[in-house]
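# Sequence plus predicted model, see below.
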2 protein chains.
Amino acid sequence: MKAIVHVGLKPGVLDPQGKAVADTLGRLGFDEVGSARIGKVIELDLTGDLDAAAAEARVREMCETLLANTVIESYRIELQA
Amino acid sequence: MKAIVHVGLKPGVLDPQGKAVADTLGRLGFDEVGSARIGKVIELDLTGDLDAAAAEARVREMCETLLANTVIESYRIELQA
């Protein structure tokens, strides 16, 4: 089973990396770019016999422990068979 | 219009950040994690009157110029109205 974890900054949290990308795109002539925000995607290959509910619970624990900084980041888990 | 660009390492390219995450998860007791790969998601707010085809062409140009290192990374563009 595969778990895809999307991690992004919560709304309202400043995103300096996104701002740098948007500014640079503007300087390169891409004037249509208003703003940019940057997030992470973590693809996990899960081994063993986990059903979907158990896998999601485990991945949620991984997010809270390591994958996301829940003070400033939110995450979303997607499971693929 | 919003463009979401998914950037990830091409298959076969070593992903040290993903390996570090997988190793750390294993050390934390998440033994079901076989491997991990890490990618980026760039959300762009596009202003102006672009139709979908034009927007995709412009975003593709941004990817080739700045957003992806096409030697080692592939990208996928998703447009939202």
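Happy to help now that I have it.
# When you work out contacts or count neighbours from here on, use the C-alpha atoms and nothing else.
OK.
# which residues touch A:Arg76?
Taking Cα atoms under 8 Å, 6 or more residues apart in numbering or on different chains, we find A:Arg76 in contact with A:Val5, A:His6, A:Val7.
# make that A:Tyr75, sorry
A:Val5, A:His6, A:Val7, A:Gly8, A:Cys63, A:Ala68.
# Pull the CA coordinates from the host helix or strand of it and hand them back as CSV.
Assessed by DSSP states H and E, A:Tyr75 sits inside strand A:73-80. What follows is strand A:73-80, C-alpha atoms only, in CSV (Å, rounded to 0.1, in the frame of the first residue of the first chain):
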residue,chain,number,x,y,z
GLU,A,73,1.8,23.1,8.9
SER,A,74,-1.3,21.1,8.0
TYR,A,75,-1.3,17.7,6.3
ARG,A,76,-3.6,15.5,4.3
ILE,A,77,-3.3,11.8,3.8
GLU,A,78,-4.2,9.9,0.7
LEU,A,79,-4.0,6.1,0.5
GLN,A,80,-3.5,4.1,-2.7
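# What pairs with it, parallel or antiparallel?
strand A:2-9 (antiparallel) (DSSP bridges).
# tell me the average confidence for the partner strand?
Averaging pLDDT along strand A:2-9 gives 97.
# Tell me how far that strand lies from the chain's centre.
Going by Cα atoms, centre = their mean, to the nearest Å, the spacing between the C-alpha centre of strand A:2-9 and its chain's C-alpha centre is 4 Å.
# Dump the C-alpha coordinates for it into CSV.
Extracted in CSV, the C-alpha atoms of strand A:2-9 (Å, rounded to 0.1, in the frame of the first residue of the first chain):
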residue,chain,number,x,y,z
LYS,A,2,1.1,3.5,-0.7
ALA,A,3,0.4,6.6,1.4
ILE,A,4,0.8,10.1,0.0
VAL,A,5,1.1,12.8,2.5
HIS,A,6,0.6,16.4,1.5
VAL,A,7,2.1,18.9,3.9
GLY,A,8,1.6,22.6,3.5
LEU,A,9,1.9,25.7,5.6
